[in-house]
Every structure is written in structure tokens, then in C-alpha cells.
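Novice: could you work out the structure for the sequence below:
(chains A and B)
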Amino acid sequence: MIRDKGCGEIKESDRGLTLTLSGWIFRRRDHGGLIFVDLRDRSGIVQVVFSPDVSGEAHELAHDLRSEYVISVSGEIRKRPDGTENLSIPTGMVEMYVNKLEVLNESSPLPFGIEDAGDASEALRLKYRYLDLRRPEMQRNLIIRHKVTKVIRDYFDEKGFLEIETPVLTKSTPEGARDYLVPSRLNPGYFYALPQSPQLFKQILMVSGFEKYFQIVRCFRDEDLRADRQPEFTQVDLEMSFTDREDVIKVIEGMMKKLFKDVMDIEIITPFERLGFHESMERFGNDKPDLRFGLELKEMADLSQKGSFKVFLDALQSGGRIKAINGKGMANLSRREIDMLTEEAISFGAKGLAWIKVKNGFESPIAKFFPEEILKEMAQRLEAEEGDLMLFVADKEKVVFDVLSRMRLEFGKRLNLIGSGYKFAWITDFPLLEWNDEKGRFEAMHHPFTSPMDDDIEKMLTGDMNNKELLFSLRAKSYDIVLNGYEIGGGSIRIHRRDVQRKMFELLRISEEEAKVKFGFLLDALEYGAPPHGGIALGLDRLVMIMVGALSIRDVIAFPKTSKASCLMSGTPSTVEPKQLKELYIKTDLP
RNA sequence: GGGGUGGUAGUUCAGCCCGGUUAGAACGCUGGCCUGUCAAGCCAGAGGUCGCGGGUUCAAGUCCCGUCCACCCCGCCA
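Specialist: I've put the predicted structure just below:
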């Protein structure tokens, strides 16, 4: 052993002990006579002192030390002289007087400093990821991620769940995201797909009678990347038998409570707030609201109708909606700045943005179209006071929600309304189906195995299939969990009745043969006594990202990919030998 | 596939609008001095394919076109 303790573990009680420490040189301060080195390992930093009075040999050798050399030092731990304590580090009361120094390895000068690597470009950090990961912040992120998975495993174990692995080489399912494909050498022309999620397998495990399954599992989706989306990501996946929505919700709330308590020492209040899908859309314009601030969307159709502004009246005439938000304290915006807001709205899909300043009465190009009382009522509804800016969008419902939800978030950031803390919510009562205009048919909003609400099953089985209104009104037994404006998970109670599943495929215009080809093995399994079951999958990367306060999941993944899905460190993806392609019966056909 | 931002010393950036001397700064690096620093200090020094390719011009880091890479967003992500 070439160390007795971690650098960050040295305490005043170690005073007088002679210890050996090993680590990397974080910083060196060479005074000629005295040399100070901040020695770093995973546990933290401690100052070691090289003095000719203690060891001339070690002191001589220490002149040649450089950043990130790996060294081992032995010496006495002493209290620092009065007035030289460093209160900014936990070990700042003590230091080691080195009498023996061994250089275990040297280091080339670094492409960027470890202490301020946060300022280095992300491309550089990703190329030298092993150096980036030396940063205390990145170490902390990955340590927290470890603790999170450990607590999750302990929690589910206590609750009687079994962690069971499912295949990584699996079957391509045409619905959903684009699959990553793996050619089969033994079956020329055939392909495996990497799983988008273990959905079908976990349901089959329920048919097999395992009753409670979970897995912390890598999933793959070949879609474009975002700050919170990587092509390979990790799900906390679970499924339970003889269960309903409330059971799943309770299990997850318990898990989150324990997670935040054990990992962060933060008390999370349960049960979480619940919002119906429609309520969430009306109040926030999306189904993953950030509940840390207000600025809610307000209905303006009724009041708008009492004015004579043609754009508003036309929007309502053609079945559109009018809603507004309050730009708190933004009445001092110049015409130019409001034009920029309008451009932003247009980039979000709006045709324009109507505004009314609450400033010495009402100031707006459209104020003249409304009686004073109506303007006052508008302001009252938006809780707009002197100095605020009311912003209206009149358009198709989808555009109104879309534009105002983005503006709300934008204002939340700009006005610094988003406080710290963690605001969870469940979004429930999603529609079972959504209309796909391109394909001219309904699609499952969650997936085709999601059960309708009990009250809607009869409607679904006996109702008129061509009645669009009726089909739109069917609600799913599905639920999303939202944290600080991020969707961090979603799940549903599954269909376990054959007749309901058949009807579902019928509604989705999926023929029996087609269903057999796509999901045959699950449908077969459901024929043999499937228990009622349901579950949920959580995005582990997103959850940990929010917990550590990172802005991208790349900061909680050891070796992430760039937005072109490549790894700058390893040079992935890469070309392969022609021989390898030949073995797989693959010819490339590049543009 | 589309929109936006960026790419200049090892690093972070200035210079680009408005083309014109030897392309600067800080940090880092190298050497020297220095016994209480903790972003140590002081002195000296080295260090550049201005992402890449083409064009305009007497002259391009600067203007134009194309292209590559990174990041953010839209589409996409049952």
C-alpha cells in the first residue's frame, strides 16, 4: 500500500502521526526555500510542505515537480502555524511535512488546467475526457450517480423487486424511435436491434410470474441529440403485477423521497402534485411544466370577443384559441425589444404577438379595439400591475400552447423567477390516442399496450369507431413524472385483456398479421394467463443531471457523445476493415 | 433536414463592422530569484497553418462563397 489515508481525510486528530499519502499534484507554490504542494486524490486536497529543515533531499527533488505528477509522500502531520490556516478547504487546519518523496509518474503539460477545465471548450474536454474527469466537480457528479443507483437498488430490493437482465441484441420494432441495428453474421441479411427500452421483455416477465421486476438498463435510440438526449442512455425500468396506477405512483414517490434523503439529505414532500394532461396544457402550455414559478397562461377568448380586434376575432372564428401571459415588469421594454420578442414568438411558430403595456393606463397599438373595462379585466385575470406587459397569442390551439409555454420559460429565466429546489409533479389522464395527420390514422400516445381508463373501456369496446370525438375522449391509464420542467419518466398500466388489446390494434389500424409480425411474441404470451400489470421507466441521466444541477446529461455520463453522436476521445464511430463487412454480407452505398 | 452561436498562441479570449507596420492580453509553459504560500510573488524568455478550401483585391485574421467541427434550438425522440 502506498498510502495510509485519502488526502481529503486528514484531520486535526491526525496531528503527530507519520503517514504516507499518494495523489496528483494539483498546485505547486515554490518559494525556493519552502515548497507547498496541494496534493489531490479522490477524497480531496491536502497541503504538503517541503522544507530543507525536514528533508534536504525531498526538498531538492520537489523543485522538479510539475502539475499532475503522481507522487507518494511520507511525513508528519502537523497543525499549521497560527495565521496560515486555510479555511476554504476541509483539511486547511493541518499540513504534512514531507521527509520522503517518491515520484510515481510524471505528466506532460496539460492541454487545459484541471482546476479551470470548466472554462475549456467542451470539445477539448471531451477529447481529453480522462483529464476532464479528474476535476472535483465531475468526480462529484459521478459519485452522486453511483450513490443514486445504489440507493435505487437497495430500495427496490427492500420492496421485493428482482433485477433481471434483458437482451441487448433484440428485435427491431418499427414503431417508435429509429433503431440502432447490428448485422447477424450467422443469419445473412438479418439484423438485431439494440433496445429502445426493455418494454416487451418486462411485460413478458410479468406473464412469467416474477411479479416485481426492475432493471437499471442502457437503452438506445438513433435520433438527433439534445442537451438532455444521448443516443445511449440509462433507464430505471420497472414493472409490477396485480397493480394499478396508484401502486406505481406510490413506489416511485417512495423511491424519490429516499433518494433525495439518502443522497442529498433533502426532504421531498410526498405525495407529489398531480395535474391532468389538459389542465397542464391550459395552465402551462405543455405536459412537463416547471412548477417552480408562476406566469401561468390565462384564457382570453371570452374577453377578446368583447373587442373589435380583427386578428383576435378571426382566430376565434376559425376555431382557434387566445391565451396570454404576464411579462412581469416588462412594460419598460422598448419597441425594438418587443419586436425582438415578436420575432422569437414567430420562430416558435406564431404569426405574431399582440401586446399591451400596463403603464399609465394601457399602452398598445391594439388597446383602441377594447373598452377600458375589458382591458382592466384582462389585466386583472393576468394579475398584471403597473409596469407589466401582457402578451397575447391568437392561433390554432397547438400554436398558442407551444408559443406561450416557451415564452413562459424564457421569461422565467430572464426575470430570474426560477428558484432553487425540486418540484415534482405527476401528469395523468393523457389521451389514449392522438391523430397523426401524415399517416391519416390514430396512434397510441404512449404505446399500443397502454390500458384505457376503466370507465373508458366499455366506450372503447362498444362505441362507434368512426366517431373521432369519442376516440379523442378516451383516456389512458398512463402517467408521466416531471421534475423542474423535465420529463424524467413515464409509464402506464398495460392491457392484459385479449379483447381490449385486439380493439386497440383495430383502432390503430394495425392488422392482426401486422401485429403478429411486430409484437407477436408478446401477444402470444398474453394468451397464457397474463396478470394485470403496469410499470414505469425513469431517465436516470436526466434525474442525476437535475440533482447535481448540471445543464446537460453529458456532465453526468463518464463518456458521452457529441451532437453528431461521436466520441471525440475514442474516435467512435469509425470505418471498419473490408473483411469485416464481407463477413457480414454488407456493402456500403455512400452518397 | 432547418435556424442560431462559436472556431485566432497549450488554454480562455481581444482584433473582424470600417482590409494596410512585426497579430495582442491574461492564464499556462521554460529559465532565474525567493522560508508561510494557498489563483503565491518578482524578473526574463519561448510559443501562431488566424479550422480547412476557393474567390475578390496591389494587399485578407478582417470582405464573399463553399466546407468541416463543437454547442443551443426546431423537426425527430411510440
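
Novice: quick one, helices of the stretch 401-550 of chain A?
Specialist: Remark: helices assigned in the stretch 401-550 of chain A by DSSP state H, counting those that start in this stretch are A:454-462, A:468-473, A:498-507, A:512-526, A:540-548.

Novice: closest one to residue A:322 among those helices?
Specialist: Among the helices of the stretch 401-550 of chain A, helix A:468-473 comes nearest to residue A:322, with 21.7 Å by CB to CB. All C-beta spots, glycine's among them, are computed from the backbone N, C-alpha and C.

Novice: mind listing what's buried along the closest one?
Specialist: Along helix A:468-473, these residues count as buried under the neighbour rule (16 or more other CB atoms under 10 Å): residue A:471.

Novice: how about the contacts made by the residue lying closest to residue A:7 once chain neighbours are set aside?
Specialist: Nearest residue to residue A:7, sequence neighbours excluded (CB to CB, 6 or more residues apart in numbering): residue A:46, at 4.3 Å. The contact partners of residue A:46, by CB atoms under 8 Å, 6 or more residues apart in numbering, come to A:7-8, A:10, A:21, A:38-39, A:89, A:91, A:94-96.

Novice: which of the residues you listed are close to RNA strand B?
Specialist: Restricting the contacts of residue A:46 to those near RNA strand B by CB under 7 Å from any atom of the strand leaves A:38, A:89, A:95.

Novice: distance check, the residue in the stretch 251-400 of chain A that RNA strand B sits nearest to against residue A:284.
Specialist: In the stretch 251-400 of chain A, the residue that lies nearest RNA strand B is residue A:347 (6.7 Å; CB to the nearest atom of the strand). If you measure residue A:347 against residue A:284 using CB to CB, to the nearest Å, the figure is 20 Å.

Novice: which one's more surrounded, the two?
Specialist: residue A:284 (24 against 10; other CB atoms under 10 Å).

Novice: tell me the SS of residue A:400?
Specialist: helix (DSSP: H, G, I helix; E, B strand; the rest coil).

Novice: which residues touch the closest residue to residue A:233 other than its chain neighbours?
Specialist: Of all residues not flanking residue A:233 in the chain, residue A:541 sits nearest, at 5.2 Å (CB to CB, 6+ apart). Residues counted as contacts of residue A:541 (CB under 8 Å, 6+ apart) are A:228, A:230, A:233-234, A:553, A:556-557.

Novice: just flag the most distant two among the residues you listed.
Specialist: Between any two of the contacts of residue A:541 (CB to CB), the greatest distance is 12.9 Å, for A:228 and A:234.

Novice: which stretches of the stretch 151-300 of chain A form strands?
Specialist: A:162-163, A:181-183, A:191-193, A:212-220, A:232-241, A:273-276, A:298-299 (DSSP state E, counting those that start in this stretch).

Novice: partners of the fifth one, with directions?
Specialist: The reference is to strand A:232-241. Its sheet considered, strand A:232-241 pairs with strand A:212-220 (antiparallel), strand A:533-539 (antiparallel) by DSSP bridges.

Novice: what are the buried residues along the first one?
Specialist: By neighbour count with 16+ other CB under 10 Å, strand A:212-220 contains the buried residues A:212-217, A:219-220.

Novice: for stretch A:363-374, same thing?
Specialist: For stretch A:363-374, by 16+ other CB under 10 Å, it's A:364, A:366-367, A:369-370, A:374.

Novice: distance between that stretch and the chain's centre?
Specialist: 43 Å (CA atoms, centre = their mean, to the nearest Å).

Novice: span of that stretch from start to end?
Specialist: 14 Å (CA to CA, to the nearest Å).

Novice: and the average pLDDT for that stretch is what?
Specialist: What stretch A:363-374 shows for mean pLDDT is 93.

Novice: now do it: everything it contacts.
Specialist: A:303, A:306-309, A:312, A:331, A:354-357, A:362, A:375, A:378.

Novice: show me which of those residues are buried.
Specialist: Buried members of the contacts of stretch A:363-374, counted by 16+ other CB under 10 Å: A:303, A:307, A:309, A:312, A:331, A:354-357, A:362, A:375, A:378.

Novice: out of those residues, who's nearest residue A:62?
Specialist: residue A:331 (63.4 Å).

Novice: quick check: that closest one is in a strand.
Specialist: No: counting by three-state DSSP, one finds residue A:331 to be coil, located in no strand.

Novice: was I right to think it contacts residue A:389?
Specialist: Yes: with contact defined as CB atoms under 8 Å, residue A:331 counts as touching residue A:389 (5.0 Å).

Novice: what touches both of these two?
Specialist: A:357-358.

Novice: ok so, going back, could you dump the contacts of stretch A:363-374 to CSV with secondary structure and distance to residue A:493?
Specialist: CSV is the format used below for these (DSSP: H, G, I helix; E, B strand; the rest coil; distance: CB to CB, whole Å):
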residue, secondary structure, distance to residue A:493
A:303, helix, 41
A:306, coil, 45
A:307, coil, 46
A:308, coil, 50
A:309, coil, 46
A:312, helix, 42
A:331, coil, 49
A:354, strand, 43
A:355, strand, 45
A:356, strand, 46
A:357, strand, 49
A:362, strand, 50
A:375, helix, 48
A:378, helix, 42
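
Novice: what about stretch A:325-345, near RNA strand B?
Specialist: No: figure legend: stretch A:325-345 not in contact with RNA strand B (CB under 7 Å from any atom of the strand); closest approach 10.1 Å.

Novice: repeat that for stretch A:413-433.
Specialist: No: on the criterion CB under 7 Å from any atom of the strand, stretch A:413-433 is out of touch with RNA strand B, staying 10.1 Å away.

Novice: list the buried ones in that stretch?
Specialist: Applying 16+ other CB under 10 Å to stretch A:413-433 flags A:418, A:423-433 as buried.

Novice: ok, those residues vs residue A:293, which is closest?
Specialist: Among those, and counting by CB to CB, the member closest to residue A:293 is residue A:418, at 5.5 Å.

Novice: what residues are up against the closest one?
Specialist: With the criterion set at CB under 8 Å, 6+ apart, residue A:418 makes contact with A:290, A:292-293, A:412.

Novice: restrict the contacts of residue A:541 to those near RNA strand B?
Specialist: Answer for the contacts of residue A:541 near RNA strand B (CB under 7 Å from any atom of the strand): residue A:228.

Novice: on that earlier part again, ranking the helices of the stretch 401-550 of chain A by burial, who's on top?
Specialist: Comparing these by mean neighbour count (mean count of other CB atoms under 10 Å), helix A:540-548 ranks first with a mean of 23.

Novice: after that one comes which helix or strand?
Specialist: Next in sequence after helix A:540-548, counting helices and strands by DSSP states H and E, comes helix A:578-583.

Novice: how far off centre is stretch A:238-255?
Specialist: That offset, for stretch A:238-255, works out to 21 Å (CA atoms, centre = their mean).

Novice: surely residue A:311 is within a helix?
Specialist: Yes: per three-state DSSP, residue A:311 lies within a helix segment.

Novice: I'd like to know how far it sits from residue A:350.
Specialist: Taking CB to CB, one finds residue A:311 at 11 Å from residue A:350.

Novice: ok, and the closest non-adjacent residue to the residue of the stretch 301-450 of chain A found nearest RNA strand B?
Specialist: Nearest residue of the stretch 301-450 of chain A to RNA strand B (CB to the nearest atom of the strand) works out as residue A:447 at 3.6 Å. Once flanking residues are discounted, residue A:447 sits nearest to residue A:199: 6.9 Å by CB to CB, 6+ apart.
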